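Peer 1: Structural data only, the sequence is not supplied:
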């Protein structure tokens, strides 16, 4: 199996994020990508550097207005007297059915839904190359590889068609799934990040060609708070093609695997031609976000059951934050696919 990654993805390195009202160091930093890359290579994966894929795969998922905003907002932001070095929102519309402002401050509030997705001088470039890693991994699978691992950093599953948030600017898992759709009629996305993938859900919410399934800590008391409930099942043509499986805080291996079997049964019933795994390793018992309690061995068991579906699979990195076992958790998950 191959790991797809570009060093351009390391350039995004925000000074701070806003968490519980305080400016704190971001756990989504270049060091976590370096740890994951070292682990993937130590597991025997061959490194592939992605090609510049242009804008077409990204624009297939995100709106043109949003992409223009992401590309240019940092330059515009620095023209504001007294502005911060990194772009952070400080005002949001009550509803998005509203005036689209010309102001840089107003557009940031419109397009960035929280304080955990600061935009630096390098965010656009790093996010693009992260998306290219996902596209390249999808193409590897489309060309016959059984599985491929996209070390997508910055991550993506909280990004909607036109909003950033939760460390995410471009939705790499959605971009990979859409790329797979150029060959396959039906694609499933299984999100095992501790946080609900609200962006991925919203992108495909009215579609029946991409099934979205998420296992995550119950959002009633866990980020992203406003999305991820069981009654969010899709709309219009997409009704019944979104499945949210919320887990109680502290859920460990045994109970997690029971719920995973429900997710896999739904995917099997959908009969997809290919699978995208939104690979969050932050469900680990020792992860800084402390939402769920999977063990390193548990990640291996999760991966074994997913692999047993026998589907061509693109693994797209999402969460998983600095802790001593981060590399071990990745190795455990990759092993059944290699």
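Peer 2: Now that the structure is in, tell me what you want to look at. Please read all numbers here as calculations on a predicted model, not as lab measurements.

Peer 1: Compute the mean per-residue pLDDT across stretch 79-93, please.
Peer 2: Mean per-residue pLDDT for stretch 79-93: 96.

Peer 1: Buried residues in it, which are they?
Peer 2: Using 16 or more other Cβ atoms under 10 Å as the test for burial, stretch 79-93 gives 86-89. No exception for glycine: its C-beta is placed from N, CA and C like everyone else's.

Peer 1: can you tell me which residues contact the nearest residue to residue 219 once chain neighbours are set aside?
Peer 2: Counting by Cβ to Cβ, 6 or more residues apart in numbering, residue 219 lies nearest to residue 228, which is 4.0 Å off, once chain neighbours are set aside. Residue 228 sits next to 196, 198, 201, 214, 216, 218-219, 244, 246 when contact means Cβ atoms under 8 Å, 6 or more residues apart in numbering.

Peer 1: repeat for residue 332
Peer 2: 296-297, 299-300, 303.

Peer 1: who wins for neighbours among those residues?
Peer 2: Among the contacts of residue 332, the one with the most neighbours (other Cβ atoms under 10 Å) is residue 299, at 27 neighbours.

Peer 1: What is the three-state secondary structure of residue 190?
Peer 2: strand (DSSP: H, G, I helix; E, B strand; the rest coil).

Peer 1: Check residue 215 too.
Peer 2: Under three-state DSSP, residue 215 falls in the strand class.

Peer 1: Do I have it right that it meets residue 191?
Peer 2: Yes - between residue 215 and residue 191 a contact is recorded at 7.1 Å, counting by Cβ atoms under 8 Å.

Peer 1: If you count surrounding residues, which of those two has more?
Peer 2: residue 191 (28 against 25).

Peer 1: Just list what the strand or helix carrying residue 254 packs against, helices and strands only.
Peer 2: Using DSSP states H and E, the element containing residue 254 is helix 253-270. The contact analysis (3 or more Cβ pairs under 8 Å, 6 or more residues apart in numbering; DSSP states H and E) places helix 253-270 against strand 187-191, strand 210-217, strand 242-247, helix 296-307.

Peer 1: ok, now with 6 Å
Peer 2: Judged by 3 or more Cβ pairs under 6 Å, 6 or more residues apart in numbering; DSSP states H and E, helix 253-270 is in contact with strand 210-217, strand 242-247.
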